[in-house]
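Enquirer: only the shape, not the letters, is given here:
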């Protein structure tokens, strides 16, 4: 495996560590600065909105400037957001704090493309393993993120200012790693013919399957994960139990990444996506029973595994849908579909959990989790129709 993939995995670990830190502190800061309780999670929403806004520009910028310059730009925007958020904490300015989290979200949007850079840096035969290795950086984040959140929030006189100083340190470390990472320069190849219209690319059954598996896997996971702390708090569990549940969930999300690529190469992306969908549905099924704390642990572990086995194979499948000249626009379209869904689920998690409860929410998610299976069946039928018949 090229050293570039290892360095990208470290960048991914630093990115996800910051994300976990933000998940832990942003709602608490929102509750302190917001004009009312209903606005407490608004900084989380603006962060995800920034991520969504970055998806298309990030791919197009990297197509023109190259991956390395694009990632450096994303980290600098993240550092700018950290500075704005820190200023807002000192002055207790809620709107400015949301501006800071929006800028941080834009930086995260650039970082979400680390997995595609790993595909380009690795030999074709190691493509799926490269994706898994980069996403496996989240295992380090499962420990580093919560530790940083616990140890940094009271380091300064201004509450949570230390958390954002720690977040800035993570982004600076990522910049240093990127300086020593060799990534290919921007280039547009026409070896496979002229670029097709984007809608023609997106109408392919394989693209539809890959995009649907990615957005359903991420959307179902994010909705259930975001609702979990609310449900556990309502059930009377201590915050330490909530934190432990999320930590097990994050480990389940990223730990399998070290072998998901090998499994995908052996059994194929459709088989892995099928397994992922069944695990997501299994989380919803387990939530229908009153099984206490260990039930939440088990459900969130299934949820994390389901995300891994849908999202990672879907990324590899997506790379089969475009020519080199179509790469930037196709990746941008996929990222926009996936992360606009993630943003929507973050906004819906609170109201749905309040109105439906934990079991009701997961009952709704179960059939949604199985939608990619229908796309896989349709893709298989479509390939059989277009396959030429050879007469004997």
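Expert: Right, received. Where do you want to start? The structure displayed is predicted, hence computed values, not measured ones.

Enquirer: pretty sure residue 139 contacts residue 254?
Expert: Yes - counting by Cβ atoms under 8 Å, residue 139 touches residue 254, with 4.8 Å between them. C-betas here are computed from N, CA, C, even on glycine.

Enquirer: the more surrounded of those two?
Expert: Taking other Cβ atoms under 10 Å, residue 139 and residue 254 do not tie; residue 254 has more neighbours (25 against 20).

Enquirer: and that one, what is it in contact with?
Expert: If you count contacts by Cβ atoms under 8 Å, 6 or more residues apart in numbering, residue 254 has them with 16, 135-139, 141-142, 304, 308.

Enquirer: repeat that for 6 Å
Expert: Residues counted as contacts of residue 254 (Cβ atoms under 6 Å, 6 or more residues apart in numbering) are 136, 138-139.

Enquirer: before we move on, what about residue 372?
Expert: Per Cβ under 6 Å, 6+ apart, neighbours of residue 372: 212-213, 216, 273, 277.

Enquirer: check which helices and strands the helix or strand harbouring residue 345 sits against.
Expert: Assigned by DSSP states H and E, residue 345 falls within helix 327-369. Using 3 or more Cβ pairs under 6 Å, 6 or more residues apart in numbering; DSSP states H and E, the elements in contact with helix 327-369 are helix 42-65, helix 205-234, helix 269-286.

Enquirer: swap the cut-off to 7 Å and go again
Expert: Packing contacts for helix 327-369, counted by 3 or more Cβ pairs under 7 Å, 6 or more residues apart in numbering; DSSP states H and E, involve helix 42-65, helix 198-202, helix 205-234, helix 269-286.

Enquirer: element containing the closest residue to residue 39 other than its chain neighbours, please.
Expert: Distances taken as Cβ to Cβ, 6 or more residues apart in numbering place residue 30 nearest to residue 39, at 6.6 Å, with adjacent residues excluded. Here residue 30, judged by DSSP H and E, is contained in helix 3-33.

Enquirer: give me the buried positions along that helix.
Expert: The neighbour-count check on helix 3-33 (16 or more other Cβ atoms under 10 Å) flags 4-30, 33 as buried.

Enquirer: just stretch 90-97 next, same as before
Expert: Within stretch 90-97, judged by 16+ other Cβ under 10 Å, the buried ones are 94, 97.

Enquirer: same deal with stretch 309-324?
Expert: Neighbour counts over stretch 309-324 (16+ other Cβ under 10 Å) mark 309-319, 321-323 as buried.

Enquirer: and residue 126, how many residues sit next to it?
Expert: By other Cβ under 10 Å, neighbour count at residue 126 equals 19.
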